[in-house]
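Participant: Just need the structure, nothing else, for what follows:
(2 chains)
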Amino acid sequence: MSQQITLTIDGQEITAQPGDKVLWAALANKIYIPHLCAIEENHTPFASCRLCFVEIKGYPSPVTACTETVQPGMAVTTRSPRVDRLVRTGFEMLMTNHRLECNICPANHSCALQRIARERGLSLKPKELPLLERNLPVDDSAPGIIYDPNKCVLCGRCVWVCKTRGAGILGFARRGFDRMVTTFRDAPLAESNCNYCDVCAGVCPVGALTIKCMS
Amino acid sequence: MKLTEEEKQIAVETSRKVSELFDPGKGNLIPILQRVQGELGYVPPEAMEVVAGYLDLPPVEVYGVVTFYNQFRTTPPGKHQVKVCMGTACHVKGGHIILDSWERRLGIKVGETTEDREYSLERVACVGCCTLAPVTLYDEEVIPKITPTKVDGLLFSHQLADKQQKEGNAGEK
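Facilitator: Residues are numbered from 1 along each chain as shown, chains lettered A, B, ... in the order given. Sure, this is the predicted structure:
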């Protein structure tokens, strides 16, 4: 019924369904574009991580691949000096308030930040910007989930899945440097209405929300 | 600081009454919260829960909005309101040092109210008298070129005045 769309990404011809976003079309064809906040099922992407920039022929400046719908004949380039610069700066800013303790982090080797750093040759430690240590308490009150806000990159994936598939207890609060993912009244998970479904831990791209090991 | 049971009750009733003046659409969240704050002077978590229930939103979403905007406060205002100016001129002249000394002297963080409900502390953008920087507003009074020692003196003199007034009142009776 629906006609397939043909477009090129990095010179490679690929097909996608009408309405697909460039990011998912690329990932489905094993073309990596850095991303943190995007969820394929969410059709109104937040585009908050600012990492999935691509160049599209005919566009004056790089755009976020997660919000751009595929068009027939579109020519997408995933790397360019402008894209690299945006991603490098965005990534560095994210890394200024992400607690780096990869060796003891449960997300080690499955972390999206490590992957981005590896794919784009970036440093996990910010080189030019100072670190913003927040030293927030780690919440291990829930029986199955550990929440370490010091590692949170505010991508909002957990908030979205909690609202659509979980108990709807996670949300953003405050603003600026103080912004964080939290529960109503900043209650620990065990004192909120959390049902410990751990979908949030399943979508967290970093080690902020993780499943508690029983050992 | 803790709210009394009576205050919680009032908060719940007021926010219920206020909510019903509006259509239960998501877009009315901020108008409702503003009205609640207009009536109560603050928006406690108890009120957020009522509003969330009325608009069919998760309470955490209302909490997010209230904590995002500076115009909302979650604790009741104190008898005296201390507003520390953090405008550009006051910032350059060490406004954060003044804010810090108020926080230490009152034993509260910005946006909070002391346990005895005497003082509440806020930061404001610009009071419009940058030549007097750094400035603090004590109720409606502008305190120009304030220093940490002036904070101590000011608090002491106001506490003394309050005490004398109380004693005076007692004496008259």
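Participant: make it CA atoms for all contacts and neighbour counts henceforth
Facilitator: OK.
Participant: List phi and psi for the residue nearest to the spatial centre of chain A.
Facilitator: In chain A, the centroid-proximal residue (CA atoms, centre = their mean) is A:Leu36; its distance is 1.4 Å. Note on A:Leu36: its backbone torsions stand at phi -130, psi -40 [degrees, to the nearest 10].
Participant: shouldn't it be in contact with A:Leu51?
Facilitator: Yes - here A:Leu36 lies in contact with A:Leu51, judged by CA atoms under 8 Å, at a distance of 7.4 Å.
Participant: Show the contacting residues for the one residue sitting closest to the centre of chain B.
Facilitator: Nearest to the geometric centre of chain B sits B:Pro77, at 4.4 Å (CA atoms, centre = their mean). B:Pro77 makes contact with B:41-42, B:113, B:117, B:119-120, according to CA atoms under 8 Å, 6 or more residues apart in numbering or on different chains.
Participant: nearest to chain A, of those residues?
Facilitator: B:Tyr42 (15.1 Å; CA to the nearest CA).
Participant: how about that closest one, phi and psi?
Facilitator: According to degrees, to the nearest 10, B:Tyr42 has phi -160, psi 170.
Participant: From A:Cys204, how far out is it?
Facilitator: 35 Å (CA to CA, to the nearest Å).
Participant: Who has more neighbours out of the two?
Facilitator: A:Cys204 (24 against 21; other CA atoms under 10 Å in any protein chain shown).
Participant: which bits of chain A sit near chain B?
Facilitator: Residues of chain A lying close to chain B (CA under 8 Å from any CA of the partner chain) are A:168-175, A:182-185.
Participant: where does chain B dip in pLDDT?
Facilitator: The model of chain B has pLDDT under 70 over residues B:171-173.
Participant: can you list the residues of it near chain A?
Facilitator: B:45, B:58-61, B:63-65, B:67-69.
Participant: Filter those down to the ones in strands?
Facilitator: Counting by DSSP state E, no part of the residues of chain B next to chain A is found in strands.
Participant: Which of those sits closest to A:Lys151?
Facilitator: For the residues of chain B next to chain A, the residue nearest A:Lys151 by CA to CA is B:Gly64; the value is 19.8 Å.
Participant: any idea how far B:Tyr69 is from the closest residue to the closest one other than its chain neighbours?
Facilitator: Using CA to CA, 6 or more residues apart in numbering or on different chains and skipping the chain neighbours, the partner closest in space to B:Gly64 is A:Ala173 (4.0 Å). Applying CA to CA, the value for A:Ala173 to B:Tyr69 is 10 Å.
Participant: Of the two, which one has the most company?
Facilitator: Each of A:Ala173 and B:Tyr69 has its neighbours counted (other CA under 10 Å); A:Ala173 has more, 25 against 13.
Participant: still on that earlier bit, restricted to strands, list the contacts of B:Pro77.
Facilitator: B:119-120.
Participant: May I see the contacts of B:Pro77 organised as JSON lines, with distance to B:Val151 added?
Facilitator: Output for these, formatted as JSON lines (distance: CA to CA, whole Å):
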{"residue": "B:Gly41", "distance to B:Val151": "26"}
{"residue": "B:Tyr42", "distance to B:Val151": "26"}
{"residue": "B:Thr113", "distance to B:Val151": "17"}
{"residue": "B:Arg117", "distance to B:Val151": "18"}
{"residue": "B:Tyr119", "distance to B:Val151": "13"}
{"residue": "B:Ser120", "distance to B:Val151": "14"}
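Participant: List only buried entries from the contacts of B:Pro77.
Facilitator: Among those, the ones that count as buried by 16 or more other CA atoms under 10 Å in any protein chain shown are B:41-42, B:113, B:119-120.
Participant: Show me how the record splits chain B into domains.
Facilitator: B:5-68, B:80-172 (automatic domain parsing).
Participant: Among these, show me which one is buried the most.
Facilitator: Greatest average neighbour count among these goes to domain B:5-68 (a mean of 18), per mean count of other CA atoms under 10 Å in any protein chain shown.
Participant: End to end on that domain, go ahead and measure it.
Facilitator: First residue to last in domain B:5-68 (CA to CA) measures 27 Å.
Participant: from the chain's centre, how far out does that domain sit?
Facilitator: Domain B:5-68 has its C-alpha centroid displaced from the chain centroid by 17 Å (CA atoms, centre = their mean, to the nearest Å).
Participant: ditto for stretch A:99-113
Facilitator: 14 Å.
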